[in-house]
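# Sequence and predicted structure are below.
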Amino acid sequence: MEIDQIIQKFESRDKHQILDAVWLLLDCTDRDFMFELLPHLPQFHKKVKAVDLGGVFYQNSKHFDLAMAYVKHVCDGGCHCFIYKSTSLFNPIPQEKKGHLTILSTSDNIELYQVNFEVECSYCNKRFGVTEVHGGHVPWYQWCAA
């Protein structure tokens, strides 16, 4: 991931490019990259504010806001796991495959259509309890500190 590519995506005014940049940032753990990006955040806010990012059940602009907050959080010394408690979209299984966390245990609650995970952040070792809920249109994930 190159800084110029991310800047181009955020300045494109194309919602697909912007959302691609958002998810690239939310996967990034390179603190130097975040510091390089930090001065561009006000510019991104101005450009993206004018773009309808869509979203039906959940406004995609909230993903943009999370990515911007995440960059600031990392630059302030924070950890990648900051993103998990901010939204219900992060499935722990792909996050483990990306190396962001380790799943320590899982259990099923068939009566409630839930799967419970105990996970640990790969960077700061903070533990979370995660509940995967299948009670609606799509599964969602409730993260809480363990």
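Here it is on my side, so go on.
# Every contact and neighbour count from this point should use C-alpha atoms.
Noted.
# longest helix anywhere in the chain?
When the chain is parsed with DSSP state H, its longest helix is helix 61-75.
# What residues of the following helix or strand past that helix count as buried?
Next along the chain after helix 61-75, taking DSSP states H and E as the criterion, comes helix 92-97. Using 16 or more other C-alpha atoms under 10 Å as the test for burial, helix 92-97 gives 92, 96.
# how far does helix 92-97 sit from the chain's center?
Helix 92-97 has its C-alpha centroid displaced from the chain centroid by 12 Å (C-alpha atoms, centre = their mean, to the nearest Å).
# If you count contacts, what does it end up packed against?
Judged by 3 or more C-alpha pairs under 8 Å, 6 or more residues apart in numbering; DSSP states H and E, helix 92-97 is in contact with strand 101-109.
# Show me what the longest helix of the chain is packed up against.
By 3+ C-alpha pairs under 8 Å, 6+ apart, helix 61-75 packs against helix 15-27, helix 31-37.
# how much does that helix deviate in direction from helix 15-27?
Interaxial angle, helix 61-75 versus helix 15-27 (axes from the mean of the first three to the mean of the last three C-alpha atoms, to 10 degrees): 30 degrees.
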